[in-house]
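Asks: requesting a structural model of the entry that follows:
(chains A and B)
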There are 2 protein chains.
Amino acid sequence: MPKDAALDALASLLGERLSRSKPDLAEHGRSESHFPTTPPDAVAYPESTEEVQALVKICAEHDCPVIGWGAGTSLEGHGLAVQGGVVVDFSRMNKVIEIRLDDMDVTVQPGVTREALNEELRATGLFFPVDPGANASLGGMAMTRASGTTTVRYGTMRDNVLGLTVVLADGRVIRTGTRARKSAAGFDLTALMVGSEGTLGLVTELTLRLHGIPEATSAGICAFPDMGSAVTAVMETIQMGIPMARIEFVDAATAQAFTAYSGMEMSQAPHLLVEFHGSPESVAQDAERFGEIVAEHGASPFQWSAREEERRALWALRHNGYYAILASRKGARAVVTDMCVPISRLASAVEETQADIAQSCVPGPILGHVGDGNFHAILLIDPEKPEELDEAKRLSHRMAERALALGGTCTGEHGVGLGKMAYMEAEHGDGWQVMGQIKQALDPKGIMNPGKLVPQG
Amino acid sequence: MPKDAALDALASLLGERLSRSKPDLAEHGRSESHFPTTPPDAVAYPESTEEVQALVKICAEHDCPVIGWGAGTSLEGHGLAVQGGVVVDFSRMNKVIEIRLDDMDVTVQPGVTREALNEELRATGLFFPVDPGANASLGGMAMTRASGTTTVRYGTMRDNVLGLTVVLADGRVIRTGTRARKSAAGFDLTALMVGSEGTLGLVTELTLRLHGIPEATSAGICAFPDMGSAVTAVMETIQMGIPMARIEFVDAATAQAFTAYSGMEMSQAPHLLVEFHGSPESVAQDAERFGEIVAEHGASPFQWSAREEERRALWALRHNGYYAILASRKGARAVVTDMCVPISRLASAVEETQADIAQSCVPGPILGHVGDGNFHAILLIDPEKPEELDEAKRLSHRMAERALALGGTCTGEHGVGLGKMAYMEAEHGDGWQVMGQIKQALDPKGIMNPGKLVPQG
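Replies: The predicted structure is shown next:
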């Protein structure tokens, strides 16, 4: 059995850092989502690029699958060893290698989480803005092209990864990008790797853009009569060039869940939560102008503050959104969907999704990143009732198809993993075959995270 | 001769829109740079994606090289048919297909120039910001990953192309990206194509991000005792989060050339030219704060204005920089270099380059995009003296090597073409071979712009 030979060689390489303990395999066989538990054959805990390289060479020699693992927070089963093999857990590669203040960049190992990085940066006046909600690892965030609440101002991982060190399927190590802010020197291998979900290689170092912590921040909230007026207000704000750092919406069902969870009174209506970054004068002015725009669209008075504690309370509300929604149905488990459309289609996309959910036995409050046209229904299912999981999958399927029909994408930020494979051909046409050709060229044996992203077989 | 068979078939397809006239071949065999004239075997003028597809299929059948051609403004010989074949001139595919105001995006054919697009957008309140100087075609700008003066605020073509229609080497047509602002659905084929210089396919449609024309603009200029203090002032401005829309520097030699060309009096010192976009209040505040920062670094009083005519005069100066420098040496021809480094290395990179040029027989004023760490020496050579071209190449070579030694890239915005092939291995290591593997997978016959970008033979 070639896999056994691989495991023996890996054990020689890593010693006790190759684990085959049942609890470890189980822990690395589960996901945050509804996918069946799929334990790998072993879990490796490398400590350096060189070890990852040696590990991949062994796996290549024995045709043994290699699957990267960050914080385990992905929602589409990216880390599941569906063909067995070795899960490479990067938790021991969690060092911030170098912070360069003048260049506003940082080089980190892939196991550093975004919160750990920002903690490390605290005294510098700089921060890393990409915020997917979960305290994900930066390697995982790069590999799924993560984004989140701050994308409207600071971009996704695509925009904030300057370069990568990648161990390829044949054990070669490449460094993509440079520390220059831009380059026109050939194919953009950094961008090719960001979002590749470990199917082309394992990332062992990342160089990331940092941003200055804004001198001042203002944040606020208001309610709207309907989604359409909220979206129109946001489009006008963008078109007027008022720079929003965050612009999140929640639907009426979510507002209700927030009220129950936090005690903060919110009307049962769609709400926008917004934040501005800048100087004390500019964030006040931005908030005032935003207040004028939303008033023209029937919103409740825009309540905003530049005080840190009020801002924190507002975003704690948003960041706890998942848990607030989960608490709104006792004993429920969540199926989290993810679609993204052109902003002009956002209101109808949300409304059609709400109508779908209203006709279903499964509740599904909605929240999202209105500036990006990206939203999530948190479908709440009874884990004891398989028919509710089926219903959630049906609703999720309809959302993905709706996204494509509206000129959007089946996943704005969660990635393909196992959950969105079924939509890749519809979304990309022959482009999906092109992805397969690239995969075939760089991983002809198909050992890197097999069963994901590209056409199979 | 298979090429003759291809040309016959192309003539049947395109009729008079396949040109073999001597002047046409000569026009499409020259470049803006010092590369020898290399006329193709024919020039094709397609009018649709379908025609491009049919054309590529014919060329694939007969192993005939296919080279895209936009406005002919590239500086590294990208469009030269170094192995013969057909140049595909996109000048007849110059339609703005659809402007979507709500989504702030536009779909265009590749032959639309950036100035033509902005003219078309004039009444909408939106604009396309990427500004490489030349009135390049948008297809060419995408294929070279162009950038320019506004990159510090609006990004490069990488950041502003949402999706592409591409005819691949085997005649398949793919659409990359969607109209959603972001996606995590698989490999980023859009980013792979942007900057691929026509070596993977021909772009026949582009969907681009648009931005709101700012309500107000302020712009100004000041002189510095040396490059180091200018760069330090810019780094502080960025770290304080003051959003510059443009931040350009010129060295003392360039300031002298500007004075002679425009009559506007500038001291013989390094200068910064800066622009802010926002509300009337914010652009005034930004200019005032910038003035305070530069004063701390020994700059002359920062002279700024929010009036349109003064702003235009300032940027006319910058945009005519190339001609001003060219006029500073009678009868000279320019060799334009392009290097990009981390901003902390910019001052020393410029100073070392100036020292090099000072010891040379060739003058070379320097200007660049300080916010990106990107600069150009405009090396002025006597076209009658081949030894001066050799000297310019030597200086350019030293700049590229300096860029790599400082952690930067051999080309910030001009692209690889013929001129930067020699540095690809040093910059990318095995990554260059990976580019070659991708090329081989998607264009196994090597018909798309052969001789460029990837490892040869």
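
Asks: span of stretch A:332-352 from start to end?
Replies: With Cα to Cα, to the nearest Å as the measure, the ends of stretch A:332-352 fall 24 Å from one another.

Asks: buried residues, it. List them.
Replies: A:332-347, A:349-350, A:352 (16 or more other Cβ atoms under 10 Å in any protein chain shown). No exception for glycine: its C-beta is placed from N, CA and C like everyone else's.

Asks: name the nearest residue to the residue minimising distance to the centre of chain A, ignoring sequence neighbours.
Replies: For chain A, the residue nearest the mean C-alpha position is A:Ala146 (3.4 Å; Cα atoms, centre = their mean). Excluding the flanking residues, the one nearest A:Ala146 by Cβ to Cβ, 6 or more residues apart in numbering or on different chains is A:Pro132, at 4.3 Å.

Asks: tell me which element the one you found is part of?
Replies: Counting by DSSP states H and E, no helix or strand carries A:Pro132.

Asks: which residue does the stretch 151-300 of chain A bring closest to chain B?
Replies: Across the stretch 151-300 of chain A, the shortest distance to chain B (Cβ to the nearest Cβ) belongs to A:Ala191, at 3.3 Å.

Asks: wasn't that residue part of a helix?
Replies: Yes - assigned with DSSP: H, G, I helix; E, B strand; the rest coil, A:Ala191 falls within a helix.

Asks: correct me if wrong: it contacts B:Arg158.
Replies: Yes - contact criterion Cβ atoms under 8 Å: A:Ala191 and B:Arg158 qualify, at 7.1 Å.

Asks: name the nearest residue to A:Leu314, sequence neighbours excluded.
Replies: Closest to A:Leu314 by Cβ to Cβ, 6+ apart is A:Ala219, at 5.2 Å.

Asks: show the pLDDT at the one you found.
Replies: You'll see A:Ala219 listed with a pLDDT of 97.

Asks: residue contacts, it?
Replies: Residues near A:Ala219 by Cβ atoms under 8 Å, 6 or more residues apart in numbering or on different chains: A:Arg246, A:Leu273, A:Val274, A:Glu275, A:Phe276, A:Trp304, A:Ser305, A:Glu310, A:Arg311, A:Leu314, A:Trp315.

Asks: figure out how far the helix or strand the last one falls within is from the centre of its chain.
Replies: If you go by DSSP H and E, A:Trp315 is part of helix A:308-319. The chain centre lies 21 Å from the centre of helix A:308-319; the measure is Cα atoms, centre = their mean, to the nearest Å.

Asks: and the contacts of that helix?
Replies: By Cβ under 8 Å, 6+ apart, helix A:308-319 touches A:133, A:149, A:217-221, A:246, A:248, A:250, A:258, A:262, A:264, A:273, A:275, A:305, A:324, A:367.

Asks: next structured bit after that helix?
Replies: Later in the chain than helix A:308-319, the nearest helix or strand by DSSP H and E is helix A:321-327.

Asks: in that next one, which residues are buried?
Replies: A:Gly321, A:Tyr322, A:Ala324, A:Ile325, A:Leu326.

Asks: secondary structure class for the residue in the stretch 251-400 of chain A positioned nearest to chain B?
Replies: Distance from chain B to each residue of the stretch 251-400 of chain A (Cβ to the nearest Cβ) is smallest for A:Ser344, at 3.8 Å. Here A:Ser344 is helix, with the state taken from three-state DSSP.

Asks: excluding chain neighbours, give the residue nearest to it in space.
Replies: Excluding its sequence neighbours, the residue lying closest to A:Ser344 (Cβ to Cβ, 6+ apart) is B:Asp102, at 3.8 Å.

Asks: do A:Ile381 as well
Replies: Nearest residue to A:Ile381 in three dimensions, chain neighbours excluded: A:Glu388, at 3.9 Å (Cβ to Cβ, 6+ apart).

Asks: how close does the nearest residue to A:Phe249 once chain neighbours are set aside sit to A:Ala230?
Replies: Nearest residue to A:Phe249, sequence neighbours excluded (Cβ to Cβ, 6+ apart): A:Val370, at 4.5 Å. Using Cβ to Cβ, to the nearest Å, we find A:Val370 at a distance of 7 Å from A:Ala230.

Asks: shared neighbours, the two?
Replies: With contacts taken as Cβ under 8 Å, 6+ apart, A:Val370 and A:Ala230 have A:Phe249, A:Leu272 as neighbours in common.

Asks: so A:Ala216 is in contact with A:Gln285, correct?
Replies: No - with contact defined as Cβ under 8 Å, A:Ala216 does not count as touching A:Gln285 (10.9 Å).

Asks: buried residues in the longest helix anywhere in chain A?
Replies: When chain A is parsed with DSSP state H, its longest helix is helix A:386-405. Judged by neighbour count using 16+ other Cβ under 10 Å, the buried positions of helix A:386-405 are A:388-389, A:391-393, A:395-396, A:398-400, A:402-404.

Asks: turn the residues you listed into JSON lines, columns for pLDDT.
Replies: Listed next are the buried residues of helix A:386-405 as JSON lines, based on pLDDT from 0 to 100:
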{"residue": "A:Glu388", "pLDDT": "97"}
{"residue": "A:Leu389", "pLDDT": "96"}
{"residue": "A:Glu391", "pLDDT": "97"}
{"residue": "A:Ala392", "pLDDT": "97"}
{"residue": "A:Lys393", "pLDDT": "96"}
{"residue": "A:Leu395", "pLDDT": "97"}
{"residue": "A:Ser396", "pLDDT": "97"}
{"residue": "A:Arg398", "pLDDT": "97"}
{"residue": "A:Met399", "pLDDT": "97"}
{"residue": "A:Ala400", "pLDDT": "97"}
{"residue": "A:Arg402", "pLDDT": "98"}
{"residue": "A:Ala403", "pLDDT": "98"}
{"residue": "A:Leu404", "pLDDT": "98"}
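
Asks: could you identify the most distant pair in the residues you listed?
Replies: Within the buried residues of helix A:386-405, A:Glu388 and A:Leu404 form the most distant pair, 25.1 Å apart (Cβ to Cβ).

Asks: what's the closest of the buried residues of helix A:321-327 to A:Ala44?
Replies: A:Ala44 has its nearest neighbour among the buried residues of helix A:321-327 in A:Tyr322, at 30.5 Å by Cβ to Cβ.

Asks: name the element the nearest residue to that closest one once chain neighbours are set aside belongs to?
Replies: Counting by Cβ to Cβ, 6+ apart, A:Tyr322 lies nearest to A:Ile378, which is 6.5 Å off, once chain neighbours are set aside. If you go by DSSP H and E, A:Ile378 is part of strand A:374-381.

Asks: perfect, that will be all.
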